[in-house]
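Generate coordinates for the sequence data below:
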Amino acid sequence: MKKIQLPKVNLKGNMKRVAVKAKIKSPTIMIVGGIAGVVVGTVMACKATMKLKPILDENKEAVDDIHQYMNEDGSEEYTEKDAKKAVTIEHLKTAGKVVKLYAPAVAVEAVSIGCIVGSHKILTKRNVGLAGAYAAVQKEFKDYRDRVVDRFGEDLDRELKYNISKAEYKEKETDESGKTKTVKKSVDVTDENGCSGYAKFFDEASRNWTKDPEHNKWFLNNAERYFNDKLRIDKFVFLNDIYDYLDIPRTQQGQTDGWVYDAKNPEDSCISFDIMNVHKEANRRFVNGYEPVVLLDFKNCHYILDQI
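Now for the predicted structure:
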């Protein structure tokens, strides 16, 4: 009869993986455990309260007995001082019983609150780490772009960032003699998908949008000026502030990213909606009044919580 060889189970490795996963999920585990503990602790406290009355009645009966004995004839040796001492002892005994009665519920509540606070601390540390990593990547990218600008110039940097390319088109022209001829021309165009993560459409979803392209252009230009003035006064502006003004839904990134005013280099910190980007055909159509909808891309926006 052949022996059946069972596959080896690496318990140590499995336990290690479980431990790592538990550590990753620890904030969620702790917050769920904390909430459950608060509920259990409350139920335990309610049950303990149902047992409280007999303890208080026993204390009242004992105190009444002491006062009765004190007032009886023939109890001259039992002074008022002795009665007060006996009452104090009874109260202390009752307090001990009450503490013992509620101790389990209090312990569960304390552990539960500790879990919730611990979860918050872990998440705070992780968020600080993420913010630091994000700021480091952002600085590294900025330094990289600065090196590109220094070596190859701003034009090449802009072409690479927005994926700008030459697009040829034919156009009819009439010369001085009245002859019409077709000539080839070229224009810089950019990839519409090459926008930042902050880009949002200003369209009919916004209450501030109208079907009139000129009105939309006027509104957006004024909004851009308003927030640049606000930046100079308040020294910082969050992206969600602009989203609110334009009636665009808020984002999580908008809570942490925005602009911080740099008095030494105001041009580098100015707020731009990128409306006048002539490299985008859609923007040219919007600026020229042919299109009422425009894709806004907020330039110079970055993580600012560590700079305020």
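
what is the rounded mean pLDDT of the host helix or strand of Lys142?
Assessed by DSSP states H and E, Lys142 sits inside helix 80-152. If you average the pLDDT over helix 80-152, you get 88.

other SSEs contacting that helix?
helix 26-50, helix 52-71, helix 154-162, strand 302-303 (3 or more C-beta pairs under 8 Å, 6 or more residues apart in numbering; DSSP states H and E). In short, each C-beta sits where N, CA and C put it, glycine included.

what's the angle between that helix and helix 52-71?
For helix 80-152 against helix 52-71, the angle by axes from the mean of the first three to the mean of the last three C-alpha atoms, to 10 degrees is 150 degrees.

Can you say which of the helices and strands packed on helix 80-152 is packed in most?
Most buried of those, by mean neighbour count (mean count of other C-beta atoms under 10 Å): strand 302-303, with a mean of 18.

Direction included, what does that one pair up with?
Applying DSSP bridges to the sheet, strand 302-303 is found paired with strand 257-260 (antiparallel).

Buried residues, the following helix or strand past the partner strand. List them.
Once strand 257-260 ends, the next helix or strand along the chain (criterion: DSSP H and E) is helix 266-269. The neighbour-count check on helix 266-269 (16 or more other C-beta atoms under 10 Å) flags Ser269 as buried.

what's in contact with helix 266-269?
Helix 266-269 is contacted from outside by Leu231, Arg232, Trp259, Val260, Tyr261, Asp262, Asn300, using C-beta atoms under 8 Å, 6 or more residues apart in numbering.

on that earlier part again, off-centre distance for the helix holding Lys142?
Its chain's C-alpha centre and that of helix 80-152 lie 19 Å apart, by C-alpha atoms, centre = their mean, to the nearest Å.

just the angle between it and helix 26-50, please?
Interaxial angle of helix 80-152 relative to helix 26-50 (the same axes, to 10 degrees): 160 degrees.

Next, the distance between the ends of stretch 228-244.
In stretch 228-244, first residue to last residue: 16 Å (C-alpha to C-alpha, to the nearest Å).

before we move on, what about stretch 286-302?
Chord length of stretch 286-302, first to last residue, is 26 Å (C-alpha to C-alpha).

So what touches that stretch?
Stretch 286-302 is touched from outside by 138, 192, 195-196, 198-204, 209-214, 216-217, 220, 239, 242, 246, 257-259, 268-277, 280, 282-283, 285, with contacts defined as C-beta under 8 Å, 6+ apart.
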